[in-house]
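K.L.:
Predicted structure and sequence below. I'll ask about it afterward.
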Amino acid sequence: MLNHKNFPSVQIPPLIFFIFLLLTACSSAPTDKYPSKKGSWQEFSGRDWAEIRNEDALLMRPVVYRAFVPFQWERKDADTQKSIKDTMKPICEYTIHDSNMKIRLTIHTFPFNDSSSRIPCMAQITRWKDQFQEIDLLFTFTTQESHGGFCGLKLEAQGIYQNEKCKILAWSMQLAQEHERRLTDQGLDKYKLADYTIKVMGSPFLVEKHKKEIQNFANSFEFIEELQTTL
Amino acid sequence: MKWIKEVYRFLGSIYLAIILITLATLVVIIGTFIESLTDSHLLAAQWTYHHPFFMVLLWLFFINILFSALQRWPFKWRHIPFLITHLGLLMIIGGTILKHKIGLQGNLTILEGSATQQVHLPNTHALHIEKKRVNVNLPIATSNFHKRYNSEIFPDLSVKVLRHYPHVIEKIQTWIKKNYACIVGQNILLVRDWKPSQEIEKFTEMYFEGYSQPWDVVAIKTDRISDLIQEAFSSNLDLKIHSNLNPRLTIVKSLKEVIASPFDFDEGVVNLSLSLSYSTIEGFNHPRLNAAWQSGQSRLQEQLTVQLQGPQALYNLFNGDSWYGEARFTIDLIRKNPLLLIAQDEHEDTHLFFFDCHGRVDSDSFSSTTLGSLVVYNEGHGGYAVQTRLPFPPFQTSRQDKERAVTEILTQEIHQAIGKAPELVPPLRMFKKACELAKINFAKAFVVYLTLWKKSRQLLFSDVEEEVSLKKVFREIDWDQENLLDKQACQWISLLFDRLDYPISHEENIEEFLTFNRWPFSSIKKDKLIKPTELLTDLSQQIFAISRQLPLTPFEVTTANEKARLLAAFFKVHEIDYQILQNFLAAHSSALEYEMFDEFKSWTPTLIETPLATHFLCADPPQKIEDHQSCVILEFCQEKKKERIALAYHPTGLKWPILNGEYLIRYQAQSVDIPYRMRLRQASEIHYPQTRQAYSYESDILISELDKIPTAHTLSMNCVHETWDGYRFYLSGISTVSNQGLKYVNIVVNHDPGKYLLTYPGAMIVFLGVVLLFWFKKAS
């Protein structure tokens, strides 16, 4: 018959226990929001400033932005052989496949010559809201956001879109005035002088499921080159 | 030799240890008291940890511990725990001294999207000198007035500190600089003092771009801004009062006079009061002119308000309920030229007041301590300026002009609305048919008809003979072709309103009048508060409901005026009056007052500007060192060029141009470069779920070290980042730069070079020594 007295007694020396406790207290959780195991930093070109016919010139389209993209996302770039001066065309789109459904994410940039030609963030938000046939106001939020030197609005909205339940996560971001005035209209700076939008559409369940990685993607969207400090 | 031995023994003795511990305790106590009394951590630190005496104490501690250990020589086995403990203590003190000497404690400020590796050292003095994106941080000693400083990057530029003031009060100068007011492109204006009893005189005429007529401009210093506004507004301003009952009765008087004393008008007395309450932050608070007419023969009283700012400005808004919806008089204000008043108050804040030719007011305020916005020329090399917009357009925007423009808008709106309407109500259908027969635009005729009705002060409008287009329309109306019951009802309504005209115009109680005349329905509304216009509609609808029971009326409808009166009764039954036009306007009203004018689209508001300057007032330094703002007078030399400038200490303030804008300078803290470049991706406030209450602040930072791949880190209130070589980064604050919402973070950078070599190993050794001390004692 087994008796507890038959088991060898294991005693942790108090000093070792104390040191273990000390080491545990001193350790910290990882703080990297963009772990290389889950995704990679991908780069995006700026929008053409003019209609370009020369094919070589199209290939010269400079890479301006980058963002952290999960490995599962499927990327589709704008056609390198056709001009993307038209701001209706996205500079890049992603498809997130999940089961038999998918989410579509599009990135548009809006170059500007002067401040008066910029589209206000609220106008974009209103336009997106108007695209719904019916909008569920209980699930519609607009919040202010800023990251990577851009400031703007984030829309989270749900409703009926093309006769189906749909959820939008969208960002309308403008290059902050503090940075805008340091950029010239020459060289790469010319491509940086642009506002951008990120729009994600999909079924409410699916968008909610991937919300964190989409949010991370949007927050990581930035210029590859750092902007000059104005302070 | 003996005294050397005694000194050696004393330095390693327990007595010195006790003295040092006592002194250190006293220093800490003094520091605590200083901090609690002055609320200044810096002052306390100056008298404790940063004081040379404290460094001497540290060195004495070091010597005392070292000598006490050496005095055990020759060492034996039993000395080991004692020696280990003392070695640990020496390492800790050595680490502290090393940190004092070559450690780093500073602040780093980064804007979202940008990066830096410059750490500013608090409580140090330096000049930031910049020449088109090449910059240098030149440390200066503010007490050395003879030394000429040069930097290697700008060898031909030298700077000398001429004077240093420990504390100054900085004042921003905008439109008024000392005794002169300055607007770019205009002659300088002398600023005059003003007291409430004085009249404002000597306006200077200035022509601004886009305006054909000149502006009267005056600059004044006063501590009675509210009185000044009243005085300036009523200067050169006339009041035009016109009777709506008697078109020939119009009086023009000086506003100042009529405010001071009531005047007779249209068998009554008119009282005027002006309300121009103004606050620096919100500007004018509903500025308005109130007018009250009191009949000389009865208790009859009418009041109206003329707002002086906003979309409703200049309209004569009738106060209280009325049978007619329009006062018996209208008011307009007339000024020859628009007026710009530049005023400075006792705090040296500057206020700009704008008064247009029709009585509108507007304002802009410029604080002497903080700037709302500024214009930067050539990134600061061209200097700075502040601007303001002339708020009034150069085209005609009087009350009559606004009413004309509104009529146009209403016509278009009604035209569109009627186009969409599937079917019109009978009176509108009748009116439209008549318009078609008369070939008159229906929408326009309708708006004109309702507008004239409102102005006519008639219960049922009938004076259409003077308006040619309406006269044509009403001639085409054929009541005999309409439903006879409708016609009969409208005739009875017309008769009733004829009877009501006298008691209403003599302010008699209509309820009593109706009861006296045995009106069968009046009691229905007795318990309910009802507006006069609603009562008239109710009465007309009551007649309409019983039209079958009413006998035929004896009179015939032949003239345009008679037909118009009957149609007005029909409109009344269907609740159609000027109110529906106002509803249209409200639905399409805009915050922009001038949008209704055609000229608005081509109007670009004129901006006027003035250069930005600062001046400093010497003051006694406050006890709290953190609140000190020092100032230096500097002399810059480059070849034969010399320039003197006074600068206040601003770690992140404006960089001022010198030597014709060739260089930009700022008096700030010294900065050092650290081997890490920090790029701020995002600074955010984390809220509790479903609330706006923040529970944490985070900043995503990309840290690059020379020749290494950048790494991303998130700093938060409880998450400090530490590098392998002892640099620690703490998030100390997140702020917003502008209304747009761009953020910047302040990061405290700390570098302790002896931490891993001395301090931490020392602490471990002390711990080991103490354990051994107890173990040896137990063993012995």
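P.N.:
Everything's here; your move.

K.L.:
Spell out which residues of chain A are next to chain B.
P.N.:
A:28, A:31-34, A:144-152, A:174, A:176-179, A:181-182, A:219-220, A:222-223, A:226-231 (CB under 8 Å from any CB of the partner chain). Using the backbone N, CA and C atoms, a C-beta is placed for each residue, glycine as well.

K.L.:
Which members of those residues occur in strands, if any?
P.N.:
The members of the residues of chain A next to chain B that map onto strands under DSSP state E are A:144-147, A:150-152, A:174, A:222-223.

K.L.:
Which one of those residues sits in the busiest neighbourhood?
P.N.:
Within those, neighbour counts (other CB atoms under 10 Å in any protein chain shown) peak at residue A:151, which reaches 28 neighbours.

K.L.:
Quick check: pLDDT value at whatever residue of chain A ends up closest to chain B.
P.N.:
Using CB to the nearest CB, the closest approach of chain A to chain B is made by residue A:149 at 2.1 Å. The score at residue A:149 is 91. That number is its pLDDT.

K.L.:
Would you enumerate the residues in contact with it?
P.N.:
Neighbour list for residue A:149: A:175-176, A:179, A:222-223, A:227, B:111-114, B:742 [criterion: CB atoms under 8 Å, 6 or more residues apart in numbering or on different chains].

K.L.:
again, only this time at 7 Å
P.N.:
A:175-176, A:179, A:223, A:227, B:112-114 (CB atoms under 7 Å, 6 or more residues apart in numbering or on different chains).

K.L.:
From those, pick the one nearest residue B:328.
P.N.:
Lowest distance from residue B:328 to the contacts of residue A:149 (CB to CB) belongs to residue A:176, with 56.9 Å.

K.L.:
got the contacts of residue A:149 as TSV, with distance to residue B:725 and pLDDT columns?
P.N.:
Output for the contacts of residue A:149, formatted as TSV (distance: CB to CB, whole Å; pLDDT from 0 to 100):
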residue	distance to residue B:725	pLDDT
A:175	36	91
A:176	34	90
A:179	32	87
A:223	29	92
A:227	28	85
B:112	27	92
B:113	27	91
B:114	24	91
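
K.L.:
Now for those, which sits with the most neighbours around it?
P.N.:
residue B:112 (30 neighbours).

K.L.:
Go through the biggest helix by length in chain A and flag the buried ones.
P.N.:
Identified as the longest helix of chain A according to DSSP state H is helix A:14-26. For helix A:14-26, the neighbour count (16 or more other CB atoms under 10 Å in any protein chain shown) marks no residue as buried.

K.L.:
same question, stretch B:196-204
P.N.:
Neighbour-count burial for stretch B:196-204 [16+ other CB under 10 Å]: B:200, B:203-204.

K.L.:
which of the residues in stretch B:565-583 are buried?
P.N.:
Buried residues in stretch B:565-583, counted by 16+ other CB under 10 Å: B:565-574, B:576-578, B:580-582.

K.L.:
ok, now stretch B:124-141?
P.N.:
B:125-130, B:135-138, B:140.

K.L.:
related to what we said a few turns ago, next structured bit after the longest helix of chain A?
P.N.:
strand A:39-45 (DSSP states H and E).

K.L.:
List the pairing partners of that following strand within its sheet, with orientation.
P.N.:
strand A:63-70 (antiparallel) (DSSP bridges).

K.L.:
got the CA coordinates for the partner strand in PDB?
P.N.:
Output of strand A:63-70 as PDB, limited to C-alpha atoms (Å, rounded to 0.1, in the frame of the first residue of the first chain):
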ATOM      1  CA  VAL A  63       8.500  52.900 -53.400                       C
ATOM      2  CA  VAL A  64       7.400  55.300 -50.700                       C
ATOM      3  CA  TYR A  65       5.400  53.400 -48.000                       C
ATOM      4  CA  ARG A  66       5.600  50.300 -46.000                       C
ATOM      5  CA  ALA A  67       3.400  48.400 -43.600                       C
ATOM      6  CA  PHE A  68       3.300  45.200 -41.600                       C
ATOM      7  CA  VAL A  69       1.400  42.500 -43.500                       C
ATOM      8  CA  PRO A  70       0.400  39.100 -42.100                       C
END
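
K.L.:
Quick check: which element contains residue A:127?
P.N.:
Assigned by DSSP H and E, residue A:127 falls within helix A:121-130.

K.L.:
how about that helix: buried residues?
P.N.:
By 16+ other CB under 10 Å, the buried positions in helix A:121-130 come out as A:121, A:124-125, A:128-129.

K.L.:
shouldn't residue B:317 be in contact with residue B:303?
P.N.:
No. The pair residue B:317 / residue B:303 is not scored as a contact, 9.6 Å apart, by CB atoms under 7 Å.

K.L.:
quick one: common contacting residues for these two?
P.N.:
By CB under 7 Å, 6+ apart, no residue touches both residue B:317 and residue B:303.

K.L.:
circling back to that earlier point, now distance to residue B:156 too, for the ones in strands among the residues of chain A next to chain B, in TSV please.
P.N.:
Shown next, in TSV, are those (distance: CB to CB, whole Å):
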residue	distance to residue B:156
A:144	48
A:145	47
A:146	42
A:147	43
A:150	41
A:151	41
A:152	45
A:174	42
A:222	40
A:223	36
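
K.L.:
for those, which one is nearest residue B:505?
P.N.:
residue A:144 (58.3 Å).

K.L.:
What sits closest to the closest one if chain neighbours are left out?
P.N.:
Distances taken as CB to CB, 6 or more residues apart in numbering or on different chains place residue B:741 nearest to residue A:144, at 5.1 Å, with adjacent residues excluded.

K.L.:
And the closest residue to residue B:196 other than its chain neighbours, what's its pLDDT?
P.N.:
Residue nearest to residue B:196 in three dimensions, not counting chain neighbours: residue B:227, with 4.4 Å by CB to CB, 6+ apart. At residue B:227, the model reports a pLDDT of 92.

K.L.:
Quick check: residue B:227 vs residue B:200, distance?
P.N.:
Distance of residue B:227 to residue B:200, computed by CB to CB, to the nearest Å: 11 Å.

K.L.:
low-scoring pLDDT stretches of chain A, where are they?
P.N.:
Applying pLDDT under 70 to chain A picks out residues A:1-12, A:27-32, A:49-60, A:230-231.

K.L.:
these two touch, right, residue B:148 and residue B:162?
P.N.:
No. Residue B:148 lies out of contact with residue B:162 (CB under 7 Å); the separation is 11.1 Å.
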